[in-house]
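Visitor: The following block contains a protein sequence and its predicted model.
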Amino acid sequence: MKTRVSGILLCVMGLAGLQAAASGPYAYAVPAAHAAHAAHAARAAQGEASALEPHEKAVYEAVIEDVLQRAGRERGRHVAIRVPTATGQRPGSTGTPDADLKKLLDNLEGTTGPLGAALRSHFIALNRTTHPLSGELKLSVPYVIKSFDLSPRDFWEQFYKTYPGSAGIVQFSRVGFDDGFTRALVYVEHLHGNRAMSGEYLLLAHGAHGWQIEKRLPSWIA
């Protein structure tokens with residue numbers, strides 16, 4: 001309990017320091033996005049970040065619309081979102097959650113180049129545990145958020161009876177952002193049949209037209 005309270009106090013003091021820096025004798029402007037980034041990471045560290053925030057919603061919406069577009073008109077009339085979150089790490093990880101995520105990001109940087117300290121720390125803070133996710137998304141098609149059990153042999157037959165025309169199931173990690181909310185990293189799985197599953201990491205950039213996928217880093221396919 002003492003450690004938790006100390007962490008909260010340090011977070012509050014840190015944010016207060018940012019505000020003071022903007023009003024002291026050597027005042028300088030502190031972008032609001034930086035404070036928001038720090039606050040979001042602090043809530044995640046305390047296990048209080050299951051509710052989606054605007055930047056994260058916007059990334060999920062952009063990725064899902066991409067999935068729908070690639071699914072085509074016949075299979076892009078619905079989408080299901082599976083919870084809780086996932087990072088794509090396969091069973092057998094042996095370190096602590098932070099160590100495993102750090103190793104994952106180190107491997108990704110071999111393809112993406114430097115992700116930046118802020119994005120890395122934010123991704124780790126939000127993904128050291130799974131989250132159920134809550135909040136509404138603005139999508140072009142109906143959607144459902146559920147904890148799907150894929151083990152029944154007739155799962156996909158029953159799924160498409162319930163959700164005809166669906167693009168299938170997507171499952172996300174939490175989104176890691178840089179401190180200006182201009183770059184984002186997210187893991188996404190797309191499942192649409194027993195032999196039609198894949199996982200990839202997406203690096204996105206924010207510009208005049210919102211969030212756009214910059215790089216795709218395939219992780220697995222089945």
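Guide: That came in fine, so what should we check first?
Visitor: Could you pull up the residues touching the closest residue to Trp211 other than its chain neighbours?
Guide: Distances taken as C-beta to C-beta, 6 or more residues apart in numbering put Ala62 closest to Trp211, at 4.0 Å, once the chain neighbours are dropped. The way it works is simple: take the backbone N, C-alpha and C, and place the C-beta from them, glycine included. Contacts for Ala62 (C-beta atoms under 8 Å, 6 or more residues apart in numbering) come out as 204, 210-213.
Visitor: can we see that at 10 Å?
Guide: For Ala62, the contact set (C-beta atoms under 10 Å, 6 or more residues apart in numbering) comprises 184, 186, 202, 204, 206, 209-213.
Visitor: Show me the two of the residues you listed that sit farthest apart.
Guide: In the contacts of Ala62, the most distant members under the criterion C-beta to C-beta are Val186 and His209, with 18.1 Å between them.
Visitor: So the two - more neighbours on which side?
Guide: More crowded of Val186 and His209, by other C-beta atoms under 10 Å: Val186, with 26 against 7.
Visitor: Test my guess that the more buried one contacts Glu214.
Guide: No. Contact criterion C-beta atoms under 10 Å: Val186 and Glu214 do not qualify, at 11.7 Å.
Visitor: Quick check: neighbours shared by the two?
Guide: Among the neighbours of Val186, those also in contact with Glu214 (C-beta under 10 Å, 6+ apart) are 202-204.
Visitor: Torsion angles phi and psi at Asn194?
Guide: Dihedral angles of Asn194 (phi, psi; degrees, to the nearest 10) stand at phi -60, psi -30.
Visitor: For it, which non-adjacent residue is closest in space?
Guide: Trp156 (6.1 Å).
Visitor: and what of Lys215?
Guide: Leu203 (4.3 Å).
Visitor: how close does the residue nearest to Asn194 sit to Gly76?
Guide: For Trp156, the distance to Gly76 (C-beta to C-beta, to the nearest Å) stands at 17 Å.
Visitor: Perfect, I'm done here.
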